[in-house]
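Engineer: Give me coordinates for this.
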Amino acid sequence: MLKKALDREVESCVNSVGVDANSASPSLLSYVAGIGAVLAKRIVAFRNENGAFQSRSDLLKVPRFGQKAFQQAAGFLRIRDGVQPLDNSAVHPEQYPLVKKIAANLKTDVKSLIGNEQLVANLNLAELVTSDAGEFTVRDVVHELARPGRDPRSEFKVATFSETIQKISDLQIGMIIEGVITNVTKFGAFVDIGVHQDGLIHISQLADRFIRDPSEVVAVGDIVKVTVLEIDTARRRIALSRKVQ
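Structural biologist: Residues are numbered from 1 along each chain as shown. Predicted coordinates:
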């Protein structure tokens, strides 16, 4: 069950951000839609023998990589610094003519169009809709042109530990410091505050209101500001509070 869950998660990530066809391992490539373990190995073997792919279309030279597989996989495979700028985006090759049309309407070239949010914002999407490219397709293409290769993950944040506070003896009651939640239990939450000993925020100190479960207000990985309430150096215990002091 764990393996299945992890496989689903990796597949979801791969199909969200794409895979560099010139650096991805066979294992990673196998998660791309339309590419299984056998074809993934053939892609890497072909790449090792013939050098880096210069375009998405080069993948069709890989033995047994047919049009059907290419149609499924092309939008998820990336070719960096290739001959076609769009090969490093989520725009599918089938929609390249649409992008060329957009560039022509804006009197620019495809390379200058990619990543130019201000320029793309001037488009009249209704004028781009055709029998081959519906409204949703046009919106997806335009969104990708505005922010190619965007990372769907939220910004990663880390706690900022004070350089002057490195051990329990450096702490003082009343100090307000930053930390990261490392564990949540029924009676409170433990916090890493940079002194090699996690402090505890008791459930009664987690919020300025009554809560029944600590998970209502905090989760593992949350960055929090806390006030030092008590310090027991002998037993290595630190009591903290999230309440407004």
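
Engineer: how about the strands in this structure?
Structural biologist: 19-20, 77-78, 176-185, 188-192, 199-202, 223-232, 237-241 (DSSP state E).

Engineer: Does the worst-scoring helix or strand of the chain on mean pLDDT pack against any helices or strands, and if so which?
Structural biologist: Every helix and strand of the chain was ranked by mean pLDDT, DSSP states H and E. The lowest is helix 117-120, at a mean of 78. With contacts taken as 3 or more CB pairs under 8 Å, 6 or more residues apart in numbering; DSSP states H and E, helix 117-120 sits against helix 110-113, helix 135-146. Where you see a C-beta, it was placed from the backbone N, CA and C, and this is true even at glycine.

Engineer: Quick one: residues in contact with that helix.
Structural biologist: With contact meaning CB atoms under 8 Å, 6 or more residues apart in numbering, helix 117-120 is reached by 102, 106, 108, 112-113, 142, 145-147.

Engineer: nearest to residue 74, of the helices and strands packed on helix 117-120?
Structural biologist: Nearest to residue 74 among the helices and strands packed on helix 117-120 is helix 135-146; the distance by CB to CB comes to 13.7 Å.

Engineer: correct me, but residue 121 touches residue 146?
Structural biologist: Yes - here residue 121 reaches residue 146: they are 7.5 Å apart, a contact under CB atoms under 8 Å.

Engineer: Centre of the chain to the top helix by length along the chain, how far?
Structural biologist: Selection of the longest helix in the chain by residue count, based on DSSP state H, yields helix 2-17. Helix 2-17 has its C-alpha centroid displaced from the chain centroid by 12 Å (CA atoms, centre = their mean, to the nearest Å).

Engineer: Kindly export that helix (C-alpha atoms) in CSV.
Structural biologist: Taking C-alpha atoms only, helix 2-17 is exported to CSV below (Å, rounded to 0.1, in the frame of the first residue of the first chain):
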residue,chain,number,x,y,z
LEU,A,2,2.9,2.4,0.8
LYS,A,3,4.5,1.6,-2.5
LYS,A,4,1.3,2.3,-4.4
ALA,A,5,0.8,5.6,-2.5
LEU,A,6,4.4,6.7,-3.2
ASP,A,7,4.1,5.7,-6.9
ARG,A,8,0.9,7.8,-7.2
GLU,A,9,2.6,10.8,-5.6
VAL,A,10,5.7,10.6,-7.8
GLU,A,11,3.6,10.2,-10.9
SER,A,12,1.5,13.2,-9.9
CYS,A,13,4.7,15.3,-9.4
VAL,A,14,6.2,14.2,-12.6
ASN,A,15,3.1,15.1,-14.6
SER,A,16,2.8,18.4,-12.8
VAL,A,17,6.4,19.8,-13.3
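
Engineer: mean confidence for it?
Structural biologist: Summarised as a single mean, pLDDT over helix 2-17 is 82.

Engineer: What residues of the least confident helix or strand of the chain count as buried?
Structural biologist: By neighbour count with 16 or more other CB atoms under 10 Å, helix 117-120 contains the buried residues 119-120.

Engineer: Using PDB, write down the CA coordinates of it.
Structural biologist: C-alpha atoms of helix 117-120 as PDB (Å, rounded to 0.1, in the frame of the first residue of the first chain):
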ATOM      1  CA  GLU A 117       3.500  38.000 -18.800                       C
ATOM      2  CA  GLN A 118       2.900  41.600 -19.800                       C
ATOM      3  CA  LEU A 119       2.800  40.800 -23.500                       C
ATOM      4  CA  VAL A 120       0.600  37.800 -23.100                       C
END
